[in-house]
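1. Only the shape, not the letters, is given here:
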């Protein structure tokens, strides 16, 4: 369950602020129309929308507050579980890394080198003994 309490609270707060700004605009329209500078606007539909939205947001806020302690407990448990999984993965990665490490052995491995007596390779400018141009 992915319920972000702070985002829901923030959303509700922003919605209410916006609705209050809308009410302010309606009040401004009424003031200006009372002065006679503009014709009045029929705002009954907007006022009904604002009223309905505020009631719905209040019901949402009440619901959120009702379940907030339980949701916080669920989130806390989820965070603990995620942290435990993260630590387990980190531990597994560390074990794999140490397994593949050059220094992971307790005792150093001995490497036997076989000595072979091969003729030395001739360099690029070396001349072989049998390499001559006389054909007699």
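-> It's in. Treat the numbers as computed from the prediction; the structure is a model and nothing was measured. Numbering: from 1, shown residues only.
2. hey, where'd the helices end up in this structure?
-> Counting by DSSP state H, the chain has helices at residues 5-35, 44-99.
3. Those: lowest mean pLDDT?
-> For those, mean pLDDT drops lowest on helix 44-99, to a mean of 92.
4. between that one and helix 5-35, how big is the angle?
-> Going by axes from the mean of the first three to the mean of the last three CA atoms, to 10 degrees, helix 44-99 is angled at 160 degrees with respect to helix 5-35.
5. Please determine how far the residue nearest to the spatial centre of the chain is located from residue 6.
-> Closest residue to the average C-alpha location of the chain: residue 82 at 13.4 Å, with CA atoms, centre = their mean. Distance of residue 82 to residue 6, given as CB to CB, to the nearest Å: 18 Å. C-betas here are computed from N, CA, C, even on glycine.
6. next one: residue 50
-> Residue 50 is 25 Å from residue 6, by CB to CB.
7. and the two? which has more neighbours close in?
-> In this view residue 50 and residue 6 are compared by other CB atoms under 10 Å, and residue 50 has more residues nearby, 17 against 7.
8. Make sure the more buried one is actually in contact with residue 25.
-> No: with contact defined as CB atoms under 8 Å, residue 50 and residue 25 do not form a contacting pair (10.3 Å).
9. Give the burial count for residue 46, as a bare number.
-> Residue 46 has 15 nearby residues by other CB under 10 Å.
10. List the residues that contact it.
-> 22, 26 (CB atoms under 8 Å, 6 or more residues apart in numbering).
11. ok, now residue 32?
-> Going by CB under 8 Å, 6+ apart, the list of residues near residue 32 reads residue 38.
12. quick one: it and residue 54, what's the gap?
-> 24 Å.
13. Can you give me the distance of the closest residue to residue 38 other than its chain neighbours to residue 15?
-> Excluding its sequence neighbours, the residue lying closest to residue 38 (CB to CB, 6 or more residues apart in numbering) is residue 32, at 4.8 Å. As judged by CB to CB, residue 32 and residue 15 stand 26 Å apart.
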